[in-house]
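# Quick one: sequence plus predicted model below, questions after.
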Amino acid sequence: MMKTSQTMFTPTVLRTIGGIVASILMMAALAIPTLAADAPEGSRLADDIALTKVTVSALVAKDFAAVRNRLDPAMGEISDDQLRQMADLIGTSEPTSIETIWSTERHSLDTGNGSSRILLEYALAGKWLVVDAAVKTEAGTGRFYRLFFTSNTLPLSELNAFHLFGKGPVQYLFLACWLATIGLTGWAMIVASRRQTGWRKWALIVLMPLGLTPTVAVNWNTAQIWVLEAIGNSTSQSIPIFAIRYPMALVGYTETLVPYLCISAPLIALGYLIWQRRSPQNRAADGDPESAAAK
């Protein structure tokens, strides 16, 4: 007399669940930020990182002539007192570790001319020193046009770590929008898996997390809001109408490991839900009495 349903987990349902889980895992893998990897040995960037470390060592040894010889003339005249202050900030203790926090380069493949931007973190006795350097290479010679030092009581990974509590209304409002975007996209994927079949279903599931508008981001620590695709300078900016971001909602980190949330509107997921809602057949399937009466 008692019947047990055997249709709850049919092969089709299991394949659908597996496809959605695979899509979510793919989005998570893309969303996880990674720390800067070591530059390839022998590359121009690796040479500039090595030059930065050697220059810091020269400062510790108070070899100011060697340091000054590596500075670009655009930095102006640097006095011994200024270099001594930088050396005193570093101290004389040996670093327990030197980590490349962030690095990037733009060099010509033909001439090798170009520039590199580098952030190193030295773990010293009782402090962590961040070295912010920019190296310009011309005719095979690299010189610094930017060299700054910042002393912290904690490493950047702890100083700028993500903390949920203690933030302002801007961060929490953006977090709510971020979660709503993920929830909307997830619901659209579920609806597509139930109402579509064959390759259309899988194409929609894969494409729905695609963001197609400029990406708005918020700095989780400072509440600063900006557009990732914006191009310009301090006086003017240009923001494109169309952009591509996959997945549409990400957690990222700035070059100094400050976390930020970003959102690009999932127009495919949103459009699909609107189409499903306005389609008479789908409204009838959902039990809409007006659509059922119209049939």
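Arrived safely, thanks for sending.
# Show me where this structure has its strands.
With strands called from DSSP state E, the chain shows them at 97-107, 114-124, 127-138, 141-152, 216-219, 225-227, 231-232, 237-238, 249-253, 259-263.
# mind listing what's buried in stretch 151-165?
Neighbour counts using 16 or more other C-beta atoms under 10 Å place 155-156, 160 of stretch 151-165 among the buried residues. Heads up, the C-betas are built off the backbone N, CA and C, glycines and all.
# in the sheet, who's paired with the nearest residue to residue 99 once chain neighbours are set aside?
Leaving aside its chain neighbours, residue 99 sits nearest to residue 121 (4.8 Å; criterion: C-beta to C-beta, 6 or more residues apart in numbering). Under the criterion DSSP bridges, residue 121 forms beta bridges with residue 99, residue 130.
# residue closest to the middle of this protein?
Taking C-alpha atoms, centre = their mean, the centroid of the chain lies closest to residue 252, which sits 3.2 Å from it.
# ok, now which ones touch the residue nearest to residue 99?
Listed by C-beta atoms under 8 Å, 6 or more residues apart in numbering, the contact partners of residue 121 are 98-99, 101, 128-131, 155-156.
# Next: residue 241.
Residue 241 touches residue 214, counting by C-beta under 8 Å, 6+ apart.
# Do me a favour and average the pLDDT over stretch 95-114.
Stretch 95-114 carries an average pLDDT of 91.
# With stretch 255-272 instead?
Here the average pLDDT along stretch 255-272 is 94.
# One more: stretch 176-186?
Stretch 176-186 comes out with an average pLDDT of 94.
# Please point out which parts of it sit buried.
In terms of neighbour count (16+ other C-beta under 10 Å), stretch 176-186 has its buried residues at 178, 181-182, 184-186.
# before we move on, what about stretch 225-236?
Buried residues in stretch 225-236, counted by 16+ other C-beta under 10 Å: 227-229.
# now stretch 48-58
Quick answer for stretch 48-58 (16+ other C-beta under 10 Å): 48-49, 51-53, 55-56, 58.
# Narrow the buried residues of stretch 151-165 to those in helices?
Among these, DSSP state H puts residue 156 in helices.
# from memory the residue nearest to the centre of the chain sits against residue 259, does it?
Yes: judged on C-beta atoms under 8 Å, residue 252 makes contact with residue 259 at a distance of 7.3 Å.
# ok, back up a step: pick out whichever of the buried residues of stretch 225-236 sits closest to residue 64.
Distance to residue 64 across the buried residues of stretch 225-236 (C-beta to C-beta) is lowest for residue 228, with 40.8 Å.
# I figured residue 209 hits residue 186, correct?
No: using C-beta under 8 Å, residue 209 makes no contact with residue 186, being 9.1 Å away.
# which residues pair with the residue nearest to the centre of the chain across the strands?
Assigned bridge partners for residue 252, using DSSP bridges, are residue 260.
# Pick out whichever of the contacts of residue 121 sits closest to residue 76.
Residue 76 has its nearest neighbour among the contacts of residue 121 in residue 131, at 19.7 Å by C-beta to C-beta.
# From residue 86, how far out is that closest one?
Using C-beta to C-beta, to the nearest Å, one gets 10 Å for the distance from residue 131 to residue 86.
# ditto for residue 61
Residue 61 sits at a distance of 13 Å from residue 86 (criterion: C-beta to C-beta).
# can I get the buried residues of stretch 151-165 in a markdown table with pLDDT?
A markdown table is the format used below for the buried residues of stretch 151-165 (pLDDT from 0 to 100):
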| residue | pLDDT |
| --- | --- |
| 155 | 95 |
| 156 | 94 |
| 160 | 93 |
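# quick revisit: I'd like the strands of the chain written out as CSV, with distance to residue 192 added.
CSV is the format used below for the strands of the chain (distance: least, C-beta to C-beta, whole Å):
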stretch, distance to residue 192
strand 97-107, 38
strand 114-124, 43
strand 127-138, 47
strand 141-152, 48
strand 216-219, 26
strand 225-227, 29
strand 231-232, 35
strand 237-238, 35
strand 249-253, 18
strand 259-263, 21
